[in-house]
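Peer 1: Build me a model:
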Amino acid sequence: MKPIAAVRICWLFCVLLFVAAAVGLRWGAQLSIALMPQAQRVYADPALLHGMWINRSILLLVLSAICGVLGIYFSLQASDVRQR
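Peer 2: Take a look at the predicted model:
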């Protein structure tokens with residue numbers, strides 16, 4: 001794989017993971033409750049679901065940071081004049 005292709009993939013995943021984490025932090029609990037069957041919505045605990053979404057969002061932010069670091073690494077490789 002050429003470094004420029006890896007740069008594009010890493011930065012794309014970095015942005016997508018960051019957006020997913022932000023959406024999960026903001027609306028994750030509401031989305032989970034909305035996707036539950038009607039009978040289970042009565043017993044849903046929004047505070048517990050929000051805590052679960054915070055953990056998921058932290059994982060997504062860590063993965064986004066890893067993709068960002070890999071994007072920087074491959075950007076440096078793609079800009080290396082000696083490889084051309």
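Peer 1: ok, and the helix or strand in the chain with the lowest average confidence?
Peer 2: Ranking every helix and strand in the chain by mean pLDDT, DSSP states H and E puts helix 38-41 at the bottom, with a mean of 90.
Peer 1: now whichever helix or strand comes after it, how far from the centre of its chain.
Peer 2: For helix 38-41, the following helix or strand on the C-terminal side (DSSP states H and E) is helix 46-78. In terms of Cα atoms, centre = their mean, to the nearest Å, the centre of helix 46-78 is set 5 Å apart from its chain centre.
Peer 1: repeat for stretch 21-40
Peer 2: On Cα atoms, centre = their mean, the centre of stretch 21-40 falls 17 Å from the chain's centre.
Peer 1: which residues touch that stretch?
Peer 2: 41, 44, 46, 49-50, 52-54, 56-58, 60-61, 64 (Cβ atoms under 8 Å, 6 or more residues apart in numbering). All C-beta spots, glycine's among them, are computed from the backbone N, C-alpha and C.
Peer 1: at 10 Å instead, please
Peer 2: Contact with stretch 21-40 is made by 20, 41-64, as judged by Cβ atoms under 10 Å, 6 or more residues apart in numbering.
Peer 1: Among those, name the buried ones.
Peer 2: A20, L49, W53, S57, L60, L61, L63, S64 (16 or more other Cβ atoms under 10 Å).
Peer 1: correct me, but the fourth one touches A20?
Peer 2: Yes - S57 lies in contact with A20 (Cβ atoms under 10 Å); the separation is 8.1 Å.
Peer 1: Ignoring the adjacent residues along the chain, who's closest to the residue most central in space within the chain?
Peer 2: Note on the chain: the residue nearest the mean C-alpha position is L17, at 1.9 Å, using Cα atoms, centre = their mean. If the residues on either side of it in the chain are set aside, L17 comes closest to S64, at 3.8 Å by Cβ to Cβ, 6 or more residues apart in numbering.
Peer 1: Tell me who's in contact with the one you found.
Peer 2: By Cβ under 10 Å, 6+ apart, the contact set of S64 is F13, C14, V15, L16, L17, F18, V19, A20, A21, A22.
Peer 1: before we move on, what about V62?
Peer 2: For V62, the contacting residues are L17, A21, by Cβ under 10 Å, 6+ apart.
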